[in-house]
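1. Provided below are the primary sequence and the corresponding predicted coordinates.
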Amino acid sequence: MEEVRRRDREGTRQRILEAARRLFAELGYDQVTMRLIAAEADANIALINRYFGAKRELFAEVLAMQGRFPGVLEGPQEELPRRLAEYVADRLLSDRGSPVMAALSRSSATPEIQGIIKDRVSSAIMEPLAGRLGGEDARLRASIATALITGSGTLRQLFGQDALEAPAREVVVERLARVFEVCLAP
């Protein structure tokens, strides 16, 4: 019986997270209510409070669902600009945008969660990148690269698949790789 209860709890928790992710991406933080999430997840609102606490904590958990750069920072240092360029190009050219980037874009003006967003971008992108770069101005170079990465998400949100009118992915990757080479160089 305990196993069934734990599985149900995890299933309910996952439904709540998925519903919150969809709603935050579609509507932004301010427009989403706990009742709306509960209805979308087919869950009791009390369970949302029990599993996540306030809406702010649930939003933080949704952001945490998006991992760090899986595989982008690993590998030879000299190939890092190209890996970052491929990562950005794939997101720009994707037939579906990132729900987490959409949630960030639609919610970033909300003072209540600006600290959460700042911490997430810093811990998921900027700090690992600065650590990988090393050197005196590593933080500055990582900040510029982070601006390119997050700005590409905003562009994708605004224009969808039509964000770029490039003839091929490789053209986009080559141009972005040159930009990342310049901003990452010591």
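-> Received, thanks. Numbering: from 1, shown residues only.
2. Count the residues that sit near Ala54.
-> 12 (other CB atoms under 10 Å). Just so you know, the C-beta spots here come from the backbone N, C-alpha and C atoms, and that holds for glycine as well.
3. ok, it to Thr33 distance?
-> 12 Å (CB to CB, to the nearest Å).
4. Same question for Gly11.
-> From Gly11 to Thr33 the distance is 22 Å (CB to CB).
5. right, and the helix or strand after the helix or strand of the chain with the lowest mean pLDDT?
-> Of all helical and strand segments in the chain, the minimum by mean pLDDT, DSSP states H and E falls on helix 99-107, at a mean of 75. Once helix 99-107 ends, the next helix or strand along the chain (criterion: DSSP states H and E) is helix 111-121.
6. any idea how far that following helix is from the chain center?
-> A distance of 12 Å separates the centroid of the chain from that of helix 111-121, by CA atoms, centre = their mean, to the nearest Å.
7. Now do the helix of greatest length in the chain: which elements does it pack against?
-> Using DSSP state H to define each element, the chain has its longest helix at helix 2-27. Helices and strands touching helix 2-27, by 3 or more CB pairs under 8 Å, 6 or more residues apart in numbering; DSSP states H and E, are helix 34-41, helix 45-52, helix 55-65, helix 99-107.
8. Deepest-packed of these, please.
-> helix 99-107 (a mean of 22; mean count of other CB atoms under 10 Å).
9. Other residues contacting that one?
-> 21-22, 24-30, 59, 62-63, 65-66, 91, 113, 117, 120-121, 150, 153-154, 156-157 (CB atoms under 8 Å, 6 or more residues apart in numbering).
10. Please pick the buried ones from those residues.
-> 21-22, 24-25, 27-29, 59, 62-63, 66, 91, 113, 117, 120-121, 150, 153, 156-157 (16 or more other CB atoms under 10 Å).
11. related to what we said a few turns ago, now the helices and strands packed on helix 2-27 as CSV including distance to Ala168?
-> Formatted as CSV, the helices and strands packed on helix 2-27 follow (distance: least, CB to CB, whole Å):
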stretch, distance to Ala168
helix 34-41, 38
helix 45-52, 43
helix 55-65, 31
helix 99-107, 23
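12. Can you say which of the ones you listed is nearest to Ala185?
-> helix 99-107 (26.4 Å; CB to CB).
13. what's the angle from that closest one to helix 55-65?
-> Put simply, helix 99-107 runs at 140 degrees to helix 55-65, going by axes from the mean of the first three to the mean of the last three CA atoms, to 10 degrees.
14. that older thread, could you give the angle of the longest helix of the chain to helix 111-121?
-> Going by the same axes, to 10 degrees, helix 2-27 makes 110 degrees with helix 111-121.
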